[in-house]
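**Q** Predicted model and sequence follow; I will ask about them next.
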Amino acid sequence: MITRLPTTETLPDSVCAAAAAPAPYLVLAIECARPAAGSVRYSLAGIDEVRIGRGDDRRAWRRDGILAIEVPDGSMSAEHVRLVRAGAVWSLQDAGSKNGTHVNGVRAVRQPLCDKDVIEAAQTFLVLRVGPGDAEPGDLALGVDADDLATLDPRLAAALATIDRIAHADVPLLILGETGTGKEIVARAAHDRSKRRGPCIAVNCGAIAPTLVESELFGYRRGAFSGATEDRLGLVRAADGGSLFLDEIAELAPASQAALLRVIQEREVVPVGGTVPVKVDLRIVSATCQDVAALVALGRFRRDLHARIAGFTLALPALRDRRDDLGLLIARFVARRADRAPIKLDRLAIRALFQHDWPENIRELDQLVTAALALGDGAIGLAQVSQALGARPSATTASPRSHDLRALEPQGIDREALSALFEAHRGNVSRVASALSTSRSQVRRLASRLGLAPEQFRK
């Protein structure tokens with residue numbers, strides 16, 4: 001049985017829509033002043049208008065085709081913004097709010113909306129999902145202490161739910177996904193939810209020298225080679241009664257693939273330097289960031305081994321395709337990494353995070369939040385996010401959209417954002433231009449238009 005999660009990276013939009021696409025829904029992703037409040041998914045099935053405004057507490061109700069959402073956001077107007085549906089098209093109408101509404105970082109009064117648009121209502125971020133499906137997604141609230149596999153994306157949730165069903169079946173599991181998408185978390189969840197009581201042993205196949213793979217995996221007998229002064233169990237036997245997680249399995253050399261195939265087929269292992277097979281009882285969970293089917297077609301990965309490890313295949317989406325969950329993940333990492341609570345987040349910082357491409361996925365987000373909290377002494381503003389992003393090794397190789405302070409285009413940046421950048425770089429025009437991937441002259445023109453003088457930020 002093979003299940004692949006549709007993503008914009010692996011399937012065309014039409015196929016994604018056909019794969020149990022949910023009806024439209026709205027995600028209240030994060031409140032900057034209350035990140036610990038978590039995220040909520042609101043179904044828009046049967047809804048023609050959404051009204052968003054300030055209230056004493058977060059609550060929502062439905063009546064006569066209207067969904068009303070109240071948020072205790074002190075910067076939000078009592079009646080802040082409306083989302084109105086005409087046929088299958090949703091549009092935004094600012095309700096004369098004091099602090100304005102932004103769509104994808106740009107001030108908006110009236111405009112049509114698209115799938116995955118990020119709406120800023122004062123200090124609150126929402127994500128609109130308008131897929132063409134009719135499957136009722138239902139409302140869902142998730143707190144920062146939710147399970148690591150918890151998600152607001154109905155299709156991802158359906159895919160991950162299969163882990164519970166296959167955990168007891170003991171079938172091999174192959175997890176596909178880019179680096180940093182959480183493959184090991186899924187692997188350990190599959191082990192924890194199974195009946196196996198042995199350990200879950202993780203092996204990074206790409207980190208073991210080809211000449212050492214067999215001795216590391218299968219163990220060895222004393223005297224098998226120079227330096228083998230005693231018997232060694234090996235990682236396969238260490239996982240007996242539990243699970244063996246083979247991360248980056250596509251990195252294995254052909255000879256090692258053949259040896260691993262025998263272990264899986266025969267359920268036994270012969271240590272290096274030994275002659276007597278040792279029976280093992282374990283479950284194989286594999287992961288890779290590569291296209292295994294393509295490697296098989298190229299002759300770089302054994303077809304029979306692929307068939308053995310792919311009893312069930314799960315593809316994890318990249319973080320850039322998980323806007324539904326970004327606010328929840330930010331809040332979760334803030335809650336875990338902050339030395340004190342509550343932590344307030346600057347909306348310009350959150351805007352930058354929503355507009356970043358995340359080439360290193362969830363791992364990058366976790367590290368960035370940690371760095372930003374350290375730089376901000378417990379607070380996260382645009383200056384800290386800018387510094388943390390600029391310090392990342394990936395900053396020089398990221399795509400153009402993620403490199404320019406993560407899509408804060410000069411023509412869309414506002415006075416507050418530019419002021420924060422000048423503050424972070426102490427009025428250095430060259431550094432601000434570099435952060436925005438633009439010229440010094442354009443930064444000066446923008447500063448003049450917004451009434452800012454770089455000199456006033458120099459200390």
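**A** Perfect, thanks for sending it.

**Q** which residues of this protein score low on pLDDT?
**A** Low-confidence segments of the chain, defined by pLDDT under 70: 1-20, 132-134, 340-341, 391-412, 434-435, 437, 459.

**Q** mind listing the helices for the stretch 251-400 of the chain?
**A** 254-266, 292-297, 303-309, 323-337, 347-355, 361-375, 382-390, 400-403 (DSSP state H, counting those that start in this stretch).

**Q** Next, the buried residues of the second one.
**A** Within helix 292-297, the residues that count as buried by 16 or more other CB atoms under 10 Å are 292, 295-296. Quick note: C-beta positions are derived from backbone N, CA and C, even for glycine.

**Q** For the helices of the stretch 251-400 of the chain, give me a markdown table that also has distance to residue 93.
**A** Formatted as a markdown table, those follow (distance: least, CB to CB, whole Å):
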| stretch | distance to residue 93 |
| --- | --- |
| helix 254-266 | 59 |
| helix 292-297 | 47 |
| helix 303-309 | 52 |
| helix 323-337 | 22 |
| helix 347-355 | 21 |
| helix 361-375 | 32 |
| helix 382-390 | 28 |
| helix 400-403 | 28 |
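
**Q** which stretch among the ones you listed comes nearest residue 46?
**A** Nearest of those to residue 46, taken as CB to CB: helix 323-337 at 20.4 Å.

**Q** May I have that closest one as PDB, with CA atoms only?
**A** C-alpha atoms of helix 323-337 as PDB (Å, rounded to 0.1, in the frame of the first residue of the first chain):
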ATOM      1  CA  ARG A 323       1.300  27.800   6.100                       C
ATOM      2  CA  ASP A 324      -1.600  26.400   8.000                       C
ATOM      3  CA  ASP A 325       0.900  25.200  10.700                       C
ATOM      4  CA  LEU A 326       3.500  27.900  10.700                       C
ATOM      5  CA  GLY A 327       2.000  30.000  13.400                       C
ATOM      6  CA  LEU A 328       1.500  27.000  15.700                       C
ATOM      7  CA  LEU A 329       5.100  25.900  15.100                       C
ATOM      8  CA  ILE A 330       6.500  29.400  15.800                       C
ATOM      9  CA  ALA A 331       4.500  29.500  19.000                       C
ATOM     10  CA  ARG A 332       5.500  26.000  20.000                       C
ATOM     11  CA  PHE A 333       9.200  26.800  19.600                       C
ATOM     12  CA  VAL A 334       8.800  30.100  21.500                       C
ATOM     13  CA  ALA A 335       7.200  28.300  24.400                       C
ATOM     14  CA  ARG A 336       9.900  25.600  24.500                       C
ATOM     15  CA  ARG A 337      12.900  27.900  24.100                       C
END
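
**Q** State the distance from residue 229 to residue 223.
**A** 8 Å (CB to CB, to the nearest Å).

**Q** returning to what we had before: out of the helices of the stretch 251-400 of the chain, nearest to residue 274?
**A** helix 254-266 (13.1 Å).

**Q** re the thing from before, which one of the helices of the stretch 251-400 of the chain lies nearest to residue 426?
**A** Closest among the helices of the stretch 251-400 of the chain, using CB to CB: helix 382-390, at 10.3 Å.

**Q** Could I have the CA atoms of the closest one written out in PDB?
**A** C-alpha atoms of helix 382-390 as PDB (Å, rounded to 0.1, in the frame of the first residue of the first chain):
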ATOM      1  CA  LEU A 382      12.100  42.300  13.100                       C
ATOM      2  CA  ALA A 383      15.700  43.200  14.000                       C
ATOM      3  CA  GLN A 384      16.300  39.900  15.700                       C
ATOM      4  CA  VAL A 385      14.700  37.900  12.900                       C
ATOM      5  CA  SER A 386      16.800  39.900  10.400                       C
ATOM      6  CA  GLN A 387      20.000  39.100  12.300                       C
ATOM      7  CA  ALA A 388      19.100  35.500  12.800                       C
ATOM      8  CA  LEU A 389      18.300  35.000   9.100                       C
ATOM      9  CA  GLY A 390      21.400  36.900   8.000                       C
END
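
**Q** Who are the packing partners of it?
**A** helix 347-355, helix 361-375, helix 415-424 (3 or more CB pairs under 8 Å, 6 or more residues apart in numbering; DSSP states H and E).

**Q** most tightly surrounded among those?
**A** helix 347-355 (a mean of 24; mean count of other CB atoms under 10 Å).

**Q** gap between that helix and the chain center?
**A** 15 Å (CA atoms, centre = their mean, to the nearest Å).

**Q** what's next to that helix, contact-wise?
**A** With contact meaning CB atoms under 8 Å, 6 or more residues apart in numbering, helix 347-355 is reached by 30, 32, 102, 104-105, 118, 120, 122-123, 125, 323, 326-327, 330, 365, 368, 372, 380-382, 384-386, 389, 401, 405-408, 416-417, 420.

**Q** From those, list just the buried residues.
**A** Burial by neighbour count, judged by 16+ other CB under 10 Å, picks out 30, 32, 102, 104-105, 118, 120, 122-123, 125, 323, 326-327, 330, 365, 368, 372, 380-382, 384-386, 389, 405-408, 417, 420 from these.

**Q** Can you say which of the helices of the stretch 251-400 of the chain is nearest to residue 240?
**A** Per CB to CB, nearest to residue 240 of the helices of the stretch 251-400 of the chain: helix 254-266, 11.4 Å.

**Q** Kindly spell out which helices and strands sit in contact with the closest one.
**A** helix 213-218, helix 303-309.

**Q** how far away is the residue nearest to residue 74 when sequence neighbours are not counted from residue 379?
**A** Nearest residue to residue 74, sequence neighbours excluded (CB to CB, 6 or more residues apart in numbering): residue 33, at 6.9 Å. Remark: distance between residue 33 and residue 379 (CB to CB) = 12 Å.

**Q** higher neighbour count, those two?
**A** Shown here are residue 33 and residue 379; by other CB atoms under 10 Å, residue 33 has more neighbours (19 against 16).

**Q** so which of the helices of the stretch 251-400 of the chain gets nearest residue 159?
**A** Closest among the helices of the stretch 251-400 of the chain, using CB to CB: helix 323-337, at 13.4 Å.

**Q** tell me what the closest one is packed against?
**A** strand 25-31, strand 39-43, strand 124-129, helix 347-355, helix 361-375.

**Q** Could you dump those into JSON lines with distance to residue 135 added?
**A** JSON lines is the format used below for the helices and strands packed on helix 323-337 (distance: least, CB to CB, whole Å):
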{"stretch": "strand 25-31", "distance to residue 135": "10"}
{"stretch": "strand 39-43", "distance to residue 135": "10"}
{"stretch": "strand 124-129", "distance to residue 135": "12"}
{"stretch": "helix 347-355", "distance to residue 135": "26"}
{"stretch": "helix 361-375", "distance to residue 135": "26"}
